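sharing a model prediction with you, sequence too.
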Amino acid sequence: MQRGFLNTPRSKRVIEEAYTPQSPPGPEPSRQPKTSSSPSIRRTQDGGAKAAATQDAMDVDPTVVKDTPFDQAGSRKDENGTSDKAEQHPKGNNDPKGKGKANAVDVDDDDAMDEPHPETKDRKGKGKEKADDMDFDFDGLDMPEDEDTCEGTIPPRPPPRRPGWGRDPREEFFHQVPPSHGGTHKKRAVFRLWPRDPKGEPLVPNEKLKGTLSPDGYPWGATLYDIYHVNRIPGVTGLMSVMTGSALCQAVTALGELDAAAPEIEWSMLEGKPRMEGVADTEELIRCIDTRLHLWPSLMKGMMGMEMEMDEEEDEEDQNEEDSEEESDDEVVPVDNGVEPKCIPPPPTIPVTSPFHPSHYPKPWPFVPFSKTPSILLQERIPLYLLPQTLYVHDPFCLLSARKRTFPDTSWTSRPDIIRTYKLNLSESVRREIEAARVKAEELEEFKARTLIILRYQRTKEQIKNYDPIIEVPFPAYQRRMTKVEESHLYVSPVAKVGEGHHSIVYKGEWELPREMFTKPTICPLCFKESADKEIKRLKDTGRWQKLMRAAAWGPKGFTGRKPTKAELNEVNDPTNLARDGEIIERELTCFVPPNIAPAQVVELLDEKDIWNTWMKNRSANSMHLQFTRGDEDESAKNSYVAVVRIDPQYVSQNNCTHKVQMHQFPAPRTAKFTVVAKLSLEHDLHLAREASNYQKFPEHLFHHYNGYTIISQLHTIVPVNAVVPQFYGYYVPKKDKEGSPGQPSYLSPILLLEHCGNPINPEKLSVEDQEECASMLLRFQRAGWLHESVAPRNFLVQRGKPTEFPLSRQVKPERSFRLIDFGRSRKYETAAEKRGEEMETLRMFERLNGKMAVTLSM
């Protein structure tokens, strides 16, 4: 890695100055622009002809933009009249020579096929640009490398973690406001100032120069250090805008103003693009609960019980006020007398092959529903083609009739279980999309199954010293992932009632799903290594190893003579079994890996870097090479001939693995339980059906969490790019039985399954930043072309912690996250007047935003 700007004493001084309270800077002296020869300037994002620059990246909608108030020193005033000084140059004159950046960025784009970064493009030891059919070279491993930083300086920002594992602690620096700019009481603020050439041209709106945009279409910055105050007219203080670094980079490049902000331009080039941040890894959460259950079963039950009791108390507290509004004093809620229904339908027949068959539940499973036993809050996005086709609803309290009543005894075992059968109900257009997505997923699984993955291990120093050959080991037969889920089970109980409105009743349900939906096939690294060692020992004992060495012209001291041909080696090598478990191998993927890598890690990296989809687009290539090793390793193998021997070990079935306890793998069922929200509709009400239809029409980006921040022009503030709406887990309707069938009540409500996102907000108790984030949810929803049509505090939910963090991290850093719900009345809009009405309702609800939030005047 190159040293860069931030690995110098100058960068250390800049950071120290940024965290030290500064006095107001003096007048800005004039600077003479000079011709730039910096390589970083030549690597601009948009090298087009000189044109008018833009400040439109902040003011996305010019009709709603107003000037941000600044005092004489160029500081932004908040709603209390206090001012936050924009980050100035340490010398007090915005000299570009001393302008610092918060940290160097080493961007690793999600797409491994993109152009390599200039700093890593010429790294030694990479694979050839093209060999055989396809060669790729990337650093996909989290392995230690030599630090190229000065002692006492800020280290380069680490690359993003694997999705689902939260934010790297070393990256927290870039998401914290410096103490000198209100960091002790602010979560977000604009504290950097973009230097301008005193003789530069004004920044004027330009639709073509908006910089990087979020999926919503708002200006986007990766960190707080990528958003700036900037003078629209150089030398004129007080007329400032807030813009992202990528937009400013394009703007000043179009103006030819390259020297005044050379470090900032270089910094913006390393920013990257908006990246989806996965929620806490569901597979890891399942594994953690299994481990804790086996190691500390009593402690686990106690902890889960405390958590459930806390959740129930919060739900009751937040629901008391709502219930009092909905129920009049004269209303009498009937009490359920516990009389069993006249006819109970027979339970469904579950085949032995189903993961829900009783034979697949080791002790202590199965648990009694709602008995304070482990259940994971499901927040992961499930592809629509994986939604279960059949939903068996366990309803001993007959809640599916959606009637208001109370129960004297709510224990699950107090009544016989009643199982109702529901079917997934989606629109015709969505069903066609699902079938197309399922066909594509099946083709991908077929492609993976017919590809032989070979690990070519890098030699250790000891092996190089002993003149050992390079070993190639093929993967075990590929285990196909499921592309269709036939059934699932939902448990509902009155003890988990969330709320009740004019149109629906909401319960927290326990949703039991096949584990294969979230877990990947396991490959025990110890079994893998033992199988390879046994095969090498067998070859040596039978004398075939010596034949292999002679055929490969390799001896005790290395290369012995003429380099053999591939045909000569094939005559001696044991042929790889090309028809394992009925799969015909059509192509080979050779991975050059370090000696200590786990096989499962290679599989994960292939999925993360989207290698499979890239290869499928070029099906003519029947082999591919991927380089996972560092460039300076095993130089002898690159400069001279080294024998390569492929072995074909017999692998042990994972069911017979003897290392499960050592690898923290314990007997577990083939299913897992998750907490979701089950929304039921009152009889003769159509809101639930309309809401389910709307969820199927929402754009995909409303369901996802993204890194970085967006500038919301109507609010004149920056907010994180979190998901706007809950995850949609399907709309299920009762299966129509034949007339006169036993156990069929007069009314069974349809069920809308959603992510549980917390409790309704109290606007009066929210800070200004929290109110801004709530208002941004509605504005981003409108930006997608939708009107909510039911703006009220009960439809904004708040929960502790971010879904992208693990539960323990949410307890340590209890940041609030928000979500917008209840879309039974939502619709598309066409005119600005419709949109303006909801914005005015938002202003009335969030009083602290009065005078700060602008409304739309025209489309």
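Now that the structure is in, tell me what you want to look at.

all helices for the stretch 451-600 of the chain, in order.
Ranges of helices within the stretch 451-600 of the chain are 461-465, 525-542, 544-551, 566-572, 599-608, based on DSSP state H, counting those that start in this stretch.

which strands and helices sit next to the third one?
Put plainly, it is helix 544-551. helix 525-542, helix 566-572 (3 or more CB pairs under 8 Å, 6 or more residues apart in numbering; DSSP states H and E). Every C-beta, even on glycine, is put in place using the N, C-alpha and C of the backbone.

which of these sits most buried?
helix 525-542 (a mean of 15; mean count of other CB atoms under 10 Å).

for that helix, what does the pLDDT average out to?
On average, the pLDDT along helix 525-542 is 89.

how far off helix 599-608 does that helix point, in degrees?
Interaxial angle, helix 525-542 versus helix 599-608 (axes from the mean of the first three to the mean of the last three CA atoms, to 10 degrees): 120 degrees.

and helix 525-542, what does it pack against?
Secondary elements touching helix 525-542 (3+ CB pairs under 8 Å, 6+ apart): strand 470-474, helix 544-551, helix 599-608.

residue 394: which of the ones you listed is closest?
helix 599-608 (34.7 Å; CB to CB).

tally of neighbours for residue 219?
When neighbours are counted by other CB atoms under 10 Å, residue 219 registers 26.

ok, and what's touching the helix or strand harbouring residue 772?
According to DSSP states H and E, residue 772 maps onto helix 768-783. Residues from elsewhere that reach helix 768-783 (CB atoms under 8 Å, 6 or more residues apart in numbering): 79, 186-188, 216-218, 702, 710, 712, 714-715, 717, 719-720, 724-725, 761, 763, 766, 788, 791, 796, 798, 816, 818-820, 829, 835, 838-839, 842, 846, 848-849, 853.

just the buried ones from these?
Buried members of those, scored by 16 or more other CB atoms under 10 Å, are 186-188, 216, 218, 702, 710, 712, 714-715, 717, 719-720, 724-725, 761, 763, 766, 788, 791, 796, 798, 816, 818-820, 829, 835, 838-839, 842, 846, 848-849, 853.

now residue 696. Nearest residue, chain neighbours left out?
Excluding its sequence neighbours, the residue lying closest to residue 696 (CB to CB, 6 or more residues apart in numbering) is residue 430, at 4.8 Å.

quick one: the host helix or strand of that neighbour to helix 599-608, angle?
Assigning secondary structure by DSSP H and E places residue 430 in helix 428-449. Counting by the same axes, to 10 degrees, helix 428-449 lies at 140 degrees to helix 599-608.

for helix 428-449, name the packing helices and strands.
Using 3+ CB pairs under 8 Å, 6+ apart: helix 428-449 touches helix 611-616.

tell me the mean pLDDT over the helix it packs on?
Here helix 611-616 scores 90 as its mean pLDDT.

ok, which of the helices and strands packed on helix 525-542 comes nearest residue 292?
helix 599-608 (21.7 Å).

buried ones in the closest one, by neighbour count?
Neighbour-count burial for helix 599-608, counted by 16+ other CB under 10 Å, picks out 599, 601-603, 605-606.

any idea which of those is closest to residue 624?
Closest approach to residue 624 among those (CB to CB): residue 606, at 10.3 Å.

what's the closest non-adjacent residue to that closest one?
Of all residues not flanking residue 606 in the chain, residue 612 sits nearest, at 6.5 Å (CB to CB, 6+ apart).

low pLDDT regions in the chain?
Residue ranges of the chain with pLDDT under 70: 1-158, 296-342, 568-583, 630-639, 654-656, 659-665, 738-743, 854-859.

for the residue nearest the centre of the chain, which non-adjacent residue is closest in space?
Centroid-nearest residue in the chain, with CA atoms, centre = their mean: residue 278, separated by 1.7 Å. Excluding its sequence neighbours, the residue lying closest to residue 278 (CB to CB, 6+ apart) is residue 163, at 3.4 Å.

and if you look at residue 513?
Nearest residue to residue 513, sequence neighbours excluded (CB to CB, 6+ apart): residue 488, at 5.2 Å.

ok, now residue 629?
residue 458 (5.0 Å).

residue 361 now?
Distance criterion CB to CB, 6+ apart; nearest residue to residue 361, sequence neighbours excluded, is residue 669 at 4.7 Å.

how about the helices in the stretch 101-250 of the chain?
Applying DSSP H, counting those that start in this stretch to the stretch 101-250 of the chain gives helices spanning 245-255.

so residue 703 sits against residue 729, correct?
No. Counting by CB atoms under 8 Å, residue 729 is not a contact partner of residue 703; they are 11.1 Å apart.

compare those two (neighbour count), which wins?
residue 729 (27 against 16).

element containing the more buried one, please.
Secondary structure assignment for residue 729, by DSSP H and E: strand 728-734.

re earlier: just give the number of residues close to the residue nearest to residue 696.
There are 14 residues near residue 430, going by other CB under 10 Å.

one more: residue 789?
Residue 789: 15 surrounding residues under other CB under 10 Å.

thought it was touching residue 828?
No. With contacts counted by CB under 8 Å, residue 789 stays clear of residue 828, the gap being 10.9 Å.

all strands of the stretch 651-800 of the chain, in order?
671-681, 709-712, 717-720, 728-734, 751-754, 759-760, 786-787, 796-800 (DSSP state E, counting those that start in this stretch).

specify the beta-bridge partners of the residue nearest to residue 513.
Under DSSP bridges, the beta-bridge partners of residue 488 are residue 391.

what residues sit buried inside stretch 197-209?
By 16+ other CB under 10 Å, the buried positions in stretch 197-209 come out as 197-198, 200-201, 203, 206, 209.

do stretch 641-650 as well
Using 16+ other CB under 10 Å as the test for burial, stretch 641-650 gives 642-647, 649.

so can I have CSV of these showing secondary structure and distance to residue 253?
Below are these laid out as CSV (DSSP: H, G, I helix; E, B strand; the rest coil; distance: CB to CB, whole Å):
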residue, secondary structure, distance to residue 253
642, coil, 48
643, coil, 53
644, strand, 49
645, strand, 54
646, strand, 52
647, coil, 55
649, coil, 57
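
which one of the residues you listed is nearest to residue 294?
Distance to residue 294, by CB to CB, is smallest for residue 649 among the buried residues of stretch 641-650, at 30.4 Å.

burial of residue 243, as a residue count?
29.

report the separation between it and residue 783.
19 Å (CB to CB, to the nearest Å).

circling back to that earlier point, residues contacting the residue nearest to the centre of the chain?
Each residue near residue 278 by CB under 8 Å, 6+ apart is listed here: 163-164, 380, 705, 804.

now the strands of the stretch 651-800 of the chain in TSV, with distance to residue 412?
Shown next, in TSV, are those (distance: least, CB to CB, whole Å):
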stretch	distance to residue 412
strand 671-681	13
strand 709-712	45
strand 717-720	39
strand 728-734	21
strand 751-754	19
strand 759-760	24
strand 786-787	40
strand 796-800	26
